[in-house]
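In: No sequence on hand, only this structure:
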């Protein structure tokens, strides 16, 4: 999110176009990320039922959404809101006519909607959770499962001692059940059996990366879990509730035997919410049963709070969350999954970012591109898991297929292209994944790939001989100077001569490797 000037006490708003509802938060942002909530609105829509049935947002769904958003816009004008951030999640993301939907919303209301992918949802959810829990629960002393069951998708994040290990966006929720089942047809024991099998299969598959049984703390987001907390907890500890696992299991068993009509009558909830409550709570229950956690933490927060918090951090410059560390940790975990050479990847990443920093006046790129270079350096060789031959292409494919915490779709496409060009061919007009990128992103890919090639060449023997270097430059040449004490570097010098050609083409200067002290 770009930094913008915020007028003192100027209210801001976040709109979330979800699968079953359009939600809006209006708040005032103060110093030190203080947020004062002014309005919290929610209106039901049936976008998910459209998309999950036909693949499209219906004309009726579009009209319904526009009507709600126009009313929201009127309220925003009444508050004098100038800054509005609107997001859309799984239903709009999966609709074949999503571009038309986004265009119509902008034309009719002036609201510019950003479609979030699963990785961005994960990042904002973690930001909101960390803020809500604060210092009351030390996440770095636990193995945590963070889970949010939406109507169309389920997001999970596994933290190992505070570090992101696994992220997943699962294509089922309280409306879209596994195997194309529907909540109207599948209830009670049959629904429990269906969910138990599917969630256990997910856990078994994820065991190659992380054993769910090692999780000792479950953190559950979402309105359905907040409802359960209201029924089972006498008090809220700050911005979260604590539900005992056994009490939750008993409550879910009770809910599973009730019809939507029973739920409406007993709890006074809307019928649509009653239909979604049972499958959602069963998903949470089955995830809990796969862990060793004896309780569930339920933060009073959402992805909308994450967006507001991020905006407040950017404006105040106070306690800005360092997402980069989690992104790199997620990349390393992916590398471990594909049995990468950890020592080689680590030294290449270190050399690449140092080279990036030394060339900042020449390449004109910033912190985002630096992070993408580091991720690319960590993952450039993971394709050898498939085959050493053409492993740069396999690496590109594996990056595209993976979920890397904190990287948006566009970021991941840059990384995929950079690892594709860390060896062999340079970008060509016949390479569709490269040419499909916007022109400015193609320039980023070329510059980052050129830098990565140089860093990779400096450890071409995979012996980590070169860990430090000095860079000097003249009008036509850059020279990398390394210590004579590291021994023979003929392999690295020959590799740099070959791989450095792309650097010369991009930056207009040749590059060479020498031992000794650079001239004063």
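Out: Perfect, thanks for sending it. The model shown is predicted, which means the values in this text are computed figures rather than measured ones.
In: Leaving out sequence neighbours, find the closest residue to residue 10.
Out: Here the nearest residue to residue 10 in space, its sequence neighbours aside, is residue 82; by CB to CB, 6 or more residues apart in numbering that works out to 6.4 Å. C-beta coordinates here come from the backbone N, C-alpha and C atoms, glycine included.
In: And residue 16, by the same measure?
Out: The spatially closest residue to residue 16, leaving aside those adjacent along the chain, is residue 23, at 4.5 Å (CB to CB, 6+ apart).
In: all helices in the stretch 101-250 of the chain, in order from the N-terminus.
Out: Under the criterion DSSP state H, counting those that start in this stretch, the stretch 101-250 of the chain contains helices at 118-133, 188-206, 223-232, 245-256.
In: And the residue nearest to residue 16, its phi and psi?
Out: When quoted as degrees, to the nearest 10, the phi and psi of residue 23 stand at phi -120, psi 150.
In: Equivalent analysis for residue 41, please.
Out: Torsion angles at residue 41 (phi, psi; degrees, to the nearest 10) stand at phi -110, psi 150.
In: Quick check, it in contact with residue 21.
Out: No. Counting by CB atoms under 8 Å, no contact exists between residue 41 and residue 21, whose distance comes to 9.7 Å.
In: which one of those two has more residues nearby?
Out: The residue with more neighbours, out of residue 41 and residue 21 and counting by other CB atoms under 10 Å, is residue 21; that gives 20 against 16.
In: Strands of the stretch 1-150 of the chain, start to end?
Out: Listed in chain order, the strands of the stretch 1-150 of the chain (DSSP state E, counting those that start in this stretch) span 11-17, 21-29, 35-44, 83-88, 113-115, 143-149.
In: Which residues does the second one contact?
Out: Contacts of strand 21-29 with the rest of the structure, by CB atoms under 8 Å, 6 or more residues apart in numbering, involve 6, 9-16, 35-45, 65, 68-69, 72, 75-76, 79, 81, 302, 304-305, 308, 311-312, 315-316.
In: Any quick PyMOL command for the buried ones out of those residues?
Out: In PyMOL, selecting the buried portion of the contacts of strand 21-29, with burial taken from 16 or more other CB atoms under 10 Å, looks like this:
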select buried, resi 6+11+12+13+14+15+16+35+39+41+45+65+68+69+72+76+81+302+304+305+308+311+312+315+316
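In: Could you pull out the strands in the stretch 251-400 of the chain for me?
Out: Counting by DSSP E, counting those that start in this stretch, the stretch 251-400 of the chain forms strands over residues 295-299, given from the N-terminal end onward.
In: And the residue positioned nearest the centre of the chain, how far from residue 97?
Out: Within the chain, the residue whose C-alpha comes closest to the C-alpha centroid is residue 119; the distance, by CA atoms, centre = their mean, is 2.1 Å. According to CB to CB, to the nearest Å, residue 119 stands 23 Å off from residue 97.
In: could the helices of the stretch 101-250 of the chain go into TSV alongside distance to residue 280 and mean pLDDT?
Out: What follows is the helices of the stretch 101-250 of the chain, written out as TSV (distance: least, CB to CB, whole Å; pLDDT from 0 to 100):
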stretch	distance to residue 280	mean pLDDT
helix 118-133	16	88
helix 188-206	10	77
helix 223-232	4	94
helix 245-256	10	94
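In: so which of these is the most packed in?
Out: For the helices of the stretch 101-250 of the chain, the largest average neighbour count (mean count of other CB atoms under 10 Å) is found in helix 118-133, namely a mean of 23.
In: what residues does it touch?
Out: Where contact means CB under 8 Å, 6+ apart, the residues beyond helix 118-133 that reach it are 33, 89, 116, 139, 146, 148, 153, 155, 157, 164, 167-169, 219, 221, 238-240, 297, 299-303, 305-307, 309-310, 321, 323, 326, 403-409, 412.
In: ok, and what's touching the least confident helix or strand in the chain by mean pLDDT?
Out: Within the chain, confidence by mean pLDDT, DSSP states H and E is lowest for helix 188-206 among all helices and strands, at a mean of 77. Residues lying outside helix 188-206 but in contact with it, judged by CB under 8 Å, 6+ apart, are 158, 166, 168, 170, 172, 177-179, 181, 183, 186, 212, 256-257, 278-279, 282-283, 286-287, 289-290.
In: Can you select the buried ones among those for me in ChimeraX?
Out: Once 16+ other CB under 10 Å is used to decide burial, the buried members of the contacts of helix 188-206 can be selected in ChimeraX as follows:
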select :158,166,168,170,172,177,178,181,183,186,212,256,278,279,282,283,286,287,290
